[in-house]
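> Sharing a sequence plus its predicted fold:
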Amino acid sequence: MSGFETRYTHGGDEWVLIELDEAMSLGVNMRAQAISERLLAERVEGVVDVCCANASCLVRIDPDRLDPRDAISLFRELEAEVGDAGDLRMQTRVVEVPMLWEDEWTHEVLMKFRDHHQTPDKTDIEFAAELNGFASTDEFRAALFATPLLGTMTGFAPGATWWYPLTTADKLIEVPKYVRPRTDTPERAFSWGGAFAAIYPARGAGGYQLFGIVAAPQVDPSRRLADFREHDWFFEVGDLAVLRAVERDEYEAIRAEVEAGSFRYRQAPLEFAPAEFLADPAAVQAAIRRAIDGA
Amino acid sequence: MALEIVKPGLQATVQDEGRVGLYAHGMPPAGALDKHAYRIGNALVGNPAGAAGIEMTYLGAEVVFSAPVVFAVTGAEMAPKLDDEEIETWRSYRAAAGQRLSFGYLTAGARSYLAVAGGIDIAPYEGSRSTYTLVGRGGFEGRPLAAGDVLPVAGAVDGTPDRRVPEDLRPSYEGDVEARVVTGLASYRLEPESLRALFETSWKVTPNANRVGYRYSGGELRFVEREQPVGAGSDPSNVVDFGYPVGSIQVPGGIEPICLLNDAVTAGGYATVGTVISCDLDRIAQSQIGQATHFVEVGIDEALAARRARRAELESIVETISNGRRSEA
């Protein structure tokens, strides 16, 4: 744990924010996940929404059933019980995410908004590669596809997930957001902002750097696809994602499967222990890849 | 019994108390922006709490009733008429089959609520009939109402006409808006004098004001200089992405604070610095473009007291309506 002392603040009369740290790390997200899980599992009377975030938890309370001042005492106890969550073992799944790198659609949009960007004379990929010390965009691309991603937060809009790279601190890719947000982003654009990857579930405004487009949906309000039968969305906090590069032909083939309603995400169950990852990142990265390769 | 939408006005949506439990998944509660006016509307027509009605923004809809029904209009003053006759807001009426409800110009407030005895009877989505237009979920086909839409009304409630909210118990939408705010969340990111300025500035509602949130102009706020932590992004107004409460105020780039409302984006990476208390979100929902707004700092004790006071006020109104006279309590 870092030396940061958790901040508990009231969000008006109905919300409590538990800010576990100002900085992102795998460790702090494990604590956020563990606290959120406990809050949901214990079905605390008066707690109506529990939102696990990257380095915090946001809780909505019905103050007519639970006094928010008492809620904070309760959350403090829970936080103490969770501790550093060092023994956390997550029963999760690895999901393969097929992605078309530097596709024509995101390229067209990012070229349209060059005047909103730090480097109008470079693409987002060229900018991010150079900023993170890669000799070429090919090396950048290879590093990015080789790194598994952990779903550390959902929210913003249905189907949106924040993905944090499971890698060592020296290899963490970080980029600023656009100087001024774009007013347009293609649906399913694969992007990066701060230390997080994110996929835009739907077309809309946005400020993350654009690298490509994923073939499969993040949200399906019609719930036609088998992976979306229970919810409009598929991905959950704690999911592991492995990116797989596809070419245009395969991208179109997957789009056709989605249209036909037959698409399913390739996935495999996996027990993920963050402590094991921190002790031997390469071994756990390899285990994640083996799990999905065997699916 | 059904309502036929002849003209939808500027934006009319089916709303109720909203949905809970899905905020973590990016699904905001939606629901009536002004809960107080919406709840009084249900009380006037004799509905149980939570019955769905229609929220109309700035410009009212034109509606034809297919069968006799008791209805009431609450919230913003939009000069309602039943056929050619002017009618009062905050009062229940019985419409005959084929009668037409229409509206004139807006004179006060921003959102009117149409309650009909029985409530709008459409299939709920995830526990609520509220419309969330951003993803096209809930309400009537997930969208604002359009000409030709026919909305079924449940027949379970007969309703009583001529129930009125006494004048002194009707909310006023005149004058500057005061919205009480509990400081917190990432308020530590603002320089102390900027946090003071948030409460001392007379903010104006910009045209960028809708169900997602209200944006204000009137000053610039400064963030404490720091080396940005891992994952936060480079702008000083950025934090590691976190959840945004409904009612929270964020200040992207230090200009134009945004107060999120019921169709909020549920999370993001801008520092939020405080949260408007739930009962004052009703007042914000009735504020118009250009209207002066003051944020007033309160503590959690005061916020909870205000909540109780509003609840007591509503109960007193409901009792008065049901008894047809002023309650002595």
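Looks like it arrived, so ask away. Residues are numbered from 1 along each chain as shown, chains lettered A, B, ... in the order given.

> you'd agree A:Gly46 is up against A:Leu74?
No - using CB atoms under 8 Å, A:Gly46 makes no contact with A:Leu74, being 9.8 Å away. Where C-beta positions appear, they are placed from N, C-alpha and C, glycine not excepted.

> Beta-bridge partners for B:Cys259, please?
B:Tyr214, B:Ile249 (DSSP bridges).

> so what's it up against?
By CB atoms under 8 Å, 6 or more residues apart in numbering or on different chains, the contact list for B:Cys259 reads B:179, B:213-214, B:216, B:247-249, B:276, B:284.

> Can you get me a residue count around the residue in the stretch 101-250 of chain A that chain B sits nearest to?
Closest approach between the stretch 101-250 of chain A and chain B, counting by CB to the nearest CB: A:Gly155, at 3.2 Å. Residues lying near A:Gly155 (other CB atoms under 10 Å in any protein chain shown) number 27.

> Which residue is the nearest non-sequential neighbour of the residue of the stretch 51-200 of chain B found nearest chain A?
Residue of the stretch 51-200 of chain B nearest chain A, by CB to the nearest CB: B:Gly184 (3.1 Å). Distances taken as CB to CB, 6 or more residues apart in numbering or on different chains put A:Thr9 closest to B:Gly184, at 3.1 Å, once the chain neighbours are dropped.

> Could you double-check that that neighbour sits in contact with A:Glu19?
Yes - taking contacts as CB under 8 Å, A:Thr9 lies within contact range of A:Glu19: 7.4 Å.

> Of these two, which one has the most company?
A:Glu19 (25 against 21).

> Can you list phi and psi of the nearest residue to the residue of the stretch 101-250 of chain A closest to chain B once chain neighbours are set aside for me?
Closest residue in space to A:Gly155, ignoring its immediate chain neighbours: B:Ala267 at 3.2 Å, by CB to CB, 6+ apart. The phi and psi values for B:Ala267, taken as degrees, to the nearest 10, are phi -160, psi 160.

> Read off the pLDDT value for residue 267.
Picked chain A for this. With respect to pLDDT, A:Gln267 has a value of 97.

> nope, chain B
Predicted confidence (pLDDT) for B:Ala267: 95.

> How many residues are close by it?
Using other CB under 10 Å: B:Ala267 sits among 24 other residues.

> Please verify my assumption that it contacts A:Thr152.
No - counting by CB under 8 Å, A:Thr152 is not a contact partner of B:Ala267; they are 11.5 Å apart.

> which neighbours do these two share?
With CB under 8 Å, 6+ apart as the test, B:Ala267 and A:Thr152 both reach A:Ala53.

> wait, what's in contact with residue 241?
Just so you know, I chose chain A. With CB under 8 Å, 6+ apart, A:Ala241 has these contacts: A:94-97, A:148-151, A:163, A:235.

> Correction: the question concerned chain B.
Shown in contact with B:Asp241 (CB under 8 Å, 6+ apart): A:53-54, A:153, A:162, A:194, A:196, B:231, B:267-269.

> List the contacts of the host helix or strand of A:Ile213.
According to DSSP states H and E, A:Ile213 maps onto strand A:209-214. If you take CB under 8 Å, 6+ apart as the criterion, strand A:209-214 is touched by A:97-103, A:105-107, A:109-110, A:124-125, A:127-128, A:144, A:175, A:177-178, A:185-186, A:188-193, A:199, A:251.

> Could you spell out the sheet neighbours of it, each with its direction?
strand A:90-101 (antiparallel), strand A:189-193 (antiparallel).

> want to throw these into a markdown table with mean pLDDT, distance to B:Gln11 and mean neighbour count?
Shown next, in a markdown table, are the strands paired with strand A:209-214 (pLDDT from 0 to 100; distance: least, CB to CB, whole Å; neighbours: other CB atoms under 10 Å in any protein chain shown):
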| stretch | mean pLDDT | distance to B:Gln11 | mean neighbour count |
| --- | --- | --- | --- |
| strand A:90-101 | 97 | 37 | 19 |
| strand A:189-193 | 96 | 28 | 24 |
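
> Give me the neighbour count for B:Pro192.
Count around B:Pro192 with other CB under 10 Å applied: 10.

> Same question for the one 10 residues further on.
For B:Ser202, the neighbour count with other CB under 10 Å is 11.

> now B:Glu4
Around B:Glu4 there are 15 residues (other CB under 10 Å).

> That one falls within a helix, correct?
No - with DSSP: H, G, I helix; E, B strand; the rest coil as the criterion, B:Glu4 is located in strand rather than a helix.

> Centroid-wise, who is the farthest residue in chain A?
Distance from the C-alpha centroid of chain A peaks at A:Asp64, with 33.7 Å (CA atoms, centre = their mean).

> Go over the secondary structure and confirm that one is in a strand.
No - membership of A:Asp64 in a strand is not supported by three-state DSSP, which gives coil.

> ok, it - contacts?
Counting by CB under 8 Å, 6+ apart, A:Asp64 has contacts A:46, B:311.

> Got the phi and psi for it?
phi -70, psi -20.

> I'd like the distance between it and B:Leu82.
37 Å (CB to CB, to the nearest Å).

> quick one: B:Lys7 and B:Glu62 touch, right?
Yes - between B:Lys7 and B:Glu62 a contact is recorded at 4.1 Å, counting by CB under 8 Å.

> Tell me the residues that contact both of those two, please.
B:Ser102.

> how about the helices of the stretch 101-250 of chain B, start to end?
B:192-200 (DSSP state H, counting those that start in this stretch).

> Those residues of it touching chain A, which are they?
B:134-137, B:142, B:181-182, B:184-188, B:229-235, B:238-248 (CB under 8 Å from any CB of the partner chain).

> which of those are buried?
When these are checked for burial by 16 or more other CB atoms under 10 Å in any protein chain shown, the buried set is B:134-135, B:137, B:142, B:181-182, B:184-188, B:229-233, B:235, B:238-248.

> Please narrow the residues you listed to those residing in strands.
The strands, defined by DSSP state E, take in B:181-182, B:238-243, B:248 from these.

> Dump those residues into a markdown table; add pLDDT as well.
Listed next are these as a markdown table, based on pLDDT from 0 to 100:
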| residue | pLDDT |
| --- | --- |
| B:Val181 | 98 |
| B:Val182 | 98 |
| B:Asn238 | 90 |
| B:Val239 | 93 |
| B:Val240 | 95 |
| B:Asp241 | 95 |
| B:Phe242 | 97 |
| B:Gly243 | 98 |
| B:Ser248 | 98 |
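
> which one among these gets closest to B:Leu114?
B:Ser248 (29.5 Å; CB to CB).

> Was I right to think that closest one contacts B:Leu260?
Yes - assessed by CB under 8 Å, B:Ser248 is found in contact with B:Leu260 at 5.5 Å.
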